[in-house]
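Q: Here is my input; please provide its structure:
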Amino acid sequence: MSIQWFPGHMHLTRKAITERVKDIDVVIEVLDARLPGSSANPLLAELTGHKPTLKVLNKQDVADPARTVLWLEWYNALPGTRAVALDASEAAPARKLIDGCHLLAPNRGGMAKPMRVLICGVPNVGKSTLINTLTNKRQAKTGDEAGITKLEQRITLADDFYLWDTPGMLWPRISVVESGYNLAASGAVGRNAYDEELVALELLRRLQQHYAPLLEARYKLGLPSGAMAGMPDDELLKAIGRKRGAVMAGGRVNLQKAAEIVMTDFRTAILGRITLETPEDFEAWRAAGALRDIERDAKKQARENRKKKGSGIRES
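A: Residues are numbered from 1 along each chain as shown. Have a look, this model is predicted:
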């Protein structure tokens with residue numbers, strides 16, 4: 001299943017970014033440290049061109065620290081890019097973003113050349129919390145639902161530092177299937193755009209591979225050592241549902257309820273510090289997605305060619 005979500009207000013955000021970026025010095029892209037590749041918007045890269053970019057791996061306090069190091073190294077190796085990891089609610093590291101922007105655009109600053117920054121991110125990535133921390137005010141609405149911010153707003157961080165906040169935006173077609181699942185698991189996708197049971201199964205499959213001890217510690221299923229990693233994901237979901245009381249009449253497990261339990265435990269970090277992907281994982285997923293796109297385009301072109309050929313035969 002391919003997960004897609006690009007509601008109307010995101011079209012407006014794309015237009016706003018296209019216009020605003022002409023006068024921007026630095027782009028701050030807020031990423032989810034638990035899925036730093038999947039939460040990076042390829043559409044944003046197209047819209048902002050070669051503008052210097054500060055990648056902020058937010059929610060690092062609930063991400064796997066070893067994997068966060070890998071992602072920081074990966075992003076800092078990219079040209080015109082700096083990366084930092086932080087928890088948006090902590091004031092001290094959040095203010096380091098101002099210094100990071102000045103390093104990327106050293107010729108900007110002062111009243112004659114104020115720093116102009118665009119801050120972007122996928123929905124529910126913690127961007128509004130970060131802005132409120134930076135300004136020490138409640139300037140942006142926050143919540144655990146995708147799509148809270150709907151309008152662009154300008155925020156003055158200093159006399160010579162202007163920040164434009166944009167609504168959370170995904171991209172029209174998510175070609176990396178794994179990214180769609182990870183975004184849905186994190187809460188970046190509207191709930192009407194995916195099947196919670198399927199997303200929970202994919203999430204469990206990944207957690208079984210890399211974080212089985214955390215699953216056992218949370219749900220206490222009493223499985224033999226190593227047994228959870230090889231357990232079918234649907235059976236694991238049922239076992240979790242039974243353990244957590246998601247049982248209907250007749251003893252059947254309410255899989256919808258069980259899926260909600262698993263995803264809530266991941267989103268709230270009750271499961272522990274987890275990162276769903278490494279740079280190596282993401283590069284492999286992206287390469288596979290690009291190959292699928294090529295095959296998809298080839299099939300589409302073949303269909304169009306057949307239609308043209310058939311049309312030509314009928315006309316003669």
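
Q: pLDDT weak spots in the stretch 51-200 of the chain?
A: Low-confidence segments of the stretch 51-200 of the chain (pLDDT under 70): 137-152.

Q: for this protein, which helix is longest?
A: Counting residues, the longest helix found in the chain (DSSP state H) is helix 279-315.

Q: got the contact list for residue 60?
A: The contact partners of residue 60, taken as Cβ atoms under 8 Å, 6 or more residues apart in numbering, are 33, 68, 85, 86, 87. Bear in mind the C-beta positions are built from the backbone N, C-alpha and C, glycine included.

Q: how about the nearest residue to it, chain neighbours excluded?
A: residue 85 (3.9 Å; Cβ to Cβ, 6 or more residues apart in numbering).

Q: what helix or strand does that neighbour sit in?
A: Residue 85 belongs to strand 81-86 when assigned by DSSP states H and E.

Q: Just the C-alphas of that strand, formatted as PDB.
A: Output of strand 81-86 as PDB, limited to C-alpha atoms (Å, rounded to 0.1, in the frame of the first residue of the first chain):
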ATOM      1  CA  THR A  81      24.200  22.100   4.600                       C
ATOM      2  CA  ARG A  82      24.600  22.000   8.400                       C
ATOM      3  CA  ALA A  83      22.800  19.700  10.700                       C
ATOM      4  CA  VAL A  84      22.100  19.800  14.500                       C
ATOM      5  CA  ALA A  85      20.000  17.600  16.800                       C
ATOM      6  CA  LEU A  86      17.900  19.000  19.500                       C
END
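
Q: Would you mark the buried spots in it?
A: 81, 82, 83, 84, 85, 86 (16 or more other Cβ atoms under 10 Å).

Q: Excluding chain neighbours, what is closest to the spatially most central residue of the chain?
A: Centroid-nearest residue in the chain: residue 39, 2.5 Å away (criterion: Cα atoms, centre = their mean). Excluding the flanking residues, the one nearest residue 39 by Cβ to Cβ, 6+ apart is residue 32, at 4.2 Å.

Q: okay, now that neighbour: neighbour count?
A: 28 (other Cβ atoms under 10 Å).

Q: so what's it bridging to?
A: Residue 32 has these beta-bridge partners by DSSP bridges: residue 58.

Q: what about dumping the CA coordinates of whichever strand or helix holds residue 56 to CSV?
A: Assigned by DSSP H and E, residue 56 belongs to strand 53-58. Output of strand 53-58 as CSV, limited to C-alpha atoms (Å, rounded to 0.1, in the frame of the first residue of the first chain):
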residue,chain,number,x,y,z
THR,A,53,20.0,24.7,4.6
LEU,A,54,20.1,24.0,8.3
LYS,A,55,18.7,20.6,9.0
VAL,A,56,17.3,20.3,12.5
LEU,A,57,16.8,16.8,13.8
ASN,A,58,14.1,17.5,16.3
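
Q: So which elements touch that strand?
A: Where contact means 3 or more Cβ pairs under 8 Å, 6 or more residues apart in numbering; DSSP states H and E, strand 53-58 is packed against strand 26-32, helix 65-76, strand 81-86, helix 91-104, helix 127-135.

Q: what's downstream of the last one, the next helix or strand?
A: Read it as helix 127-135. Of the helices and strands lying after helix 127-135 in sequence (DSSP H and E), the nearest is strand 153-158.

Q: Which secondary structure state is assigned to the residue lying closest to residue 23 once chain neighbours are set aside?
A: Nearest residue to residue 23 in three dimensions, chain neighbours excluded: residue 116, at 5.9 Å (Cβ to Cβ, 6+ apart). The three-state assignment at residue 116 reads strand, by DSSP: H, G, I helix; E, B strand; the rest coil.

Q: Thanks again, I'm all set now.
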